[in-house]
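Colleague: Pasting the sequence and the predicted coordinates here, then a few questions.
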Amino acid sequence: MNIDFFTPVNDVVVGSAYYDEDMMLGNYIRLHTENNGFPDLSMVKIAIIGVSEGRGALLDDCAEGLYYIRKELYQLYAGRWNTQIADLGNIEQGNTVEDTYFAVSNVVASLLKKDIIPIIIGGSQDITYANYRAYDTLEQTVNLTAIDSRFDIGSSGENLLSRSFLNRVIMEEPNNLFNYSNIGYQTYFNSQEEIALLDKLYFDAYRLGEVKDITLVEPILRDADIVSFDIGSVRQSEAPGNHKASPNGFYGEDACAISRYAGINDKVTSFGIYEYSASLDVNNQTAKLIAQIIWYFIEGVNYRAKDYPYTTKESYEKYTVVLEDDDPLNFYKSDKSGRWWMEINLISNNKHKRHALIPCSYVDYEQALKGKIPQRWYKALQKLT
């Protein structure tokens, strides 16, 4: 990893980060500072990266909020954690936005190879594209989950922007995207053509009202490798610091629960939160929420059960449902966490074998007993066979 991509954490933030209590995050995290230099990454499991890039946003001011997010984050207390965390500082704007993408991809790829989970904070959501491109080096297909009120597909031929990054993720070669899931979209912000396109591609999209019971998002997030969180998916009363903030959206506690589910997922290897505009914030309320979202992601990582993909199917309880005129449908339940998976047996491409077990819930098993094939199983089958 080229550490020259990074500038140290702002001295003003560092100066306010050291408190009497050792377990405040300002003291707990290994910080890249002017005085101490770049942190030692040995034994580090999570690395925070600020990205000062906002040229792809609606207004170019979402690159300026890193100071406020860190200020709020460093004042939080660590949980009962064993995980070592480092803050690597900021990747500044390159001469072109493509230069910034290159730096982000290079850094994320290096961290992935070290088995370190990057938490990307800062700029516009098109940074998700750079994060996704980092997985090219792993030579495997990946799943991307976005918490967003909009799909951000954009129009064909449009430049890469925060409102159109998904188009480039889907269309550009090499295409390593196996599945895209959206959690919390609001129909009036997305055209019917976009909704139909996602369905045609067998992607998963869940309206805000469909996940009112926030526990329903856990199986969705359990299948993700990359999680991209647009703070604009949170309602304006909870997070005013976003140019697309809406009266409707997730509550703050829902956003934190979603983040914890993402962290606790054994497969998630990168997490990013985007589109914060400090100029619109009120009393640092949005910065506080983002800091708490990051806290809950770290909390989740510390409580990973490591029951998938770290164990074999033989370690699970197996339940077989015989469907009329169909092959048996196998379900697996983890003894460690009580979580459920369903299996697809027919796989024609070895590249996709890591997607053979589809996260699900006990409700899906109950539906299968009634002869109803879970929709997520059907969509995954279309892509695997």
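Modeller: Right, received. Where do you want to start?
Colleague: which stretches of this protein form strands?
Modeller: For the chain, the strands defined by DSSP state E occupy 6-7, 30-31, 44-51, 84-91, 117-122, 142-147, 177-185, 204-207, 226-230, 270-274, 316-321, 329-334, 340-343, 357-360.
Colleague: can you list these in CSV and add distance to I373?
Modeller: Yep, even glycine has a C-beta here, placed from its N, CA and C like the rest. Listed next are those as CSV, based on distance: least, Cβ to Cβ, whole Å:
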stretch, distance to I373
strand 6-7, 48
strand 30-31, 48
strand 44-51, 38
strand 84-91, 42
strand 117-122, 34
strand 142-147, 20
strand 177-185, 17
strand 204-207, 15
strand 226-230, 27
strand 270-274, 31
strand 316-321, 10
strand 329-334, 7
strand 340-343, 10
strand 357-360, 11
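Colleague: closest one to K383 among the ones you listed?
Modeller: strand 177-185 (6.6 Å; Cβ to Cβ).
Colleague: Compute the inter-axis angle for that closest one and strand 226-230.
Modeller: Computed by axes from the mean of the first three to the mean of the last three Cα atoms, to 10 degrees, the angle separating strand 177-185 from strand 226-230 equals 30 degrees.
Colleague: Where does pLDDT dip in the protein?
Modeller: Counting by pLDDT under 70, the chain contains low-confidence ranges at 16-21, 57-63, 155-160, 309-311, 313, 325-326, 346-354, 385.
Colleague: quick revisit: can you add mean neighbour count and distance to G15 and give the strands of the chain back as CSV?
Modeller: Compiled in CSV, the strands of the chain are given as follows (neighbours: other Cβ atoms under 10 Å; distance: least, Cβ to Cβ, whole Å):
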stretch, mean neighbour count, distance to G15
strand 6-7, 18, 16
strand 30-31, 22, 11
strand 44-51, 24, 17
strand 84-91, 24, 15
strand 117-122, 24, 20
strand 142-147, 26, 33
strand 177-185, 23, 37
strand 204-207, 17, 43
strand 226-230, 27, 29
strand 270-274, 26, 25
strand 316-321, 14, 51
strand 329-334, 19, 46
strand 340-343, 22, 48
strand 357-360, 22, 44
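Colleague: Next up, the contacts around the closest residue to L112 other than its chain neighbours.
Modeller: Excluding the flanking residues, the one nearest L112 by Cβ to Cβ, 6 or more residues apart in numbering is T269, at 5.9 Å. By Cβ atoms under 8 Å, 6 or more residues apart in numbering, the contact list for T269 reads 112, 117, 225-226.
Colleague: rerun that using 10 Å as the cut-off
Modeller: 108, 111-112, 115-118, 134-135, 138, 142, 224-227 (Cβ atoms under 10 Å, 6 or more residues apart in numbering).
Colleague: Just give me the closest of those to E172.
Modeller: Nearest member of the contacts of T269 to E172, counting by Cβ to Cβ, is Y135, at 12.8 Å.
Colleague: I'd like the distance between that closest one and L112.
Modeller: 7 Å (Cβ to Cβ, to the nearest Å).
Colleague: for I49, same thing?
Modeller: 12 Å.
Colleague: Now the common contact residues for those two.
Modeller: Counting by Cβ under 10 Å, 6+ apart, the contacts common to I49 and L112 are 118, 270.
Colleague: these two touch, right, I298 and G263?
Modeller: Yes. If you go by Cβ atoms under 10 Å, I298 and G263 touch, sitting 6.5 Å apart.
Colleague: Between these two, which contacts overlap?
Modeller: What both I298 and G263 touch, as defined by Cβ under 10 Å, 6+ apart, is the set 46, 83, 117, 119, 271.
Colleague: list the contacts for the third one?
Modeller: Remark: with contacts taken as Cβ under 10 Å, 6+ apart, I117 is in contact with 44-48, 83, 85, 108, 111, 263, 268-271, 297-298, 301.
Colleague: Tell me which residue is most central in the chain.
Modeller: V227 (1.3 Å; Cα atoms, centre = their mean).
Colleague: could you measure that one against V108, distance?
Modeller: 13 Å.
Colleague: list the residues that contact both of these two?
Modeller: 131, 269-270, 272.
Colleague: now, among those, which is nearest to C256?
Modeller: G272 (16.1 Å).
Colleague: Identify the residues contacting the closest one.
Modeller: Contacts of G272 by Cβ under 10 Å, 6+ apart are 49, 51, 104, 108, 118-123, 125, 127-128, 130-131, 146, 226-230.
Colleague: residues near K212, how many?
Modeller: 10 (other Cβ atoms under 10 Å).
Colleague: I figured it hits I183, correct?
Modeller: No. If you go by Cβ under 10 Å, K212 and I183 don't touch, sitting 11.9 Å apart.
Colleague: Could you please give me the overlap between the contact lists of the two?
Modeller: In contact with both K212 and I183: F250, using Cβ under 10 Å, 6+ apart.
Colleague: mind listing what L144 touches?
Modeller: Listed by Cβ under 10 Å, 6+ apart, the contact set of L144 reads 128-129, 131-132, 135, 166, 169-170, 176-182, 203, 224-228, 270.
Colleague: gap between A146 and Q375?
Modeller: 19 Å.
Colleague: where exactly do the helices run in the stretch 1-150 of the chain?
Modeller: Taking DSSP state H, counting those that start in this stretch as the criterion, the stretch 1-150 of the chain carries its helices at 11-17, 25-28, 66-74, 97-113, 127-133.
Colleague: what's around G209, how many residues?
Modeller: For G209, the neighbour count with other Cβ under 10 Å is 10.
Colleague: Hmm, N248 and it touching each other?
Modeller: Yes. If you go by Cβ under 10 Å, G209 and N248 touch, sitting 9.5 Å apart.
Colleague: any residues in contact with both of those two?
Modeller: Here G209 and N248 have 184, 186 as joint contacts, going by Cβ under 10 Å, 6+ apart.
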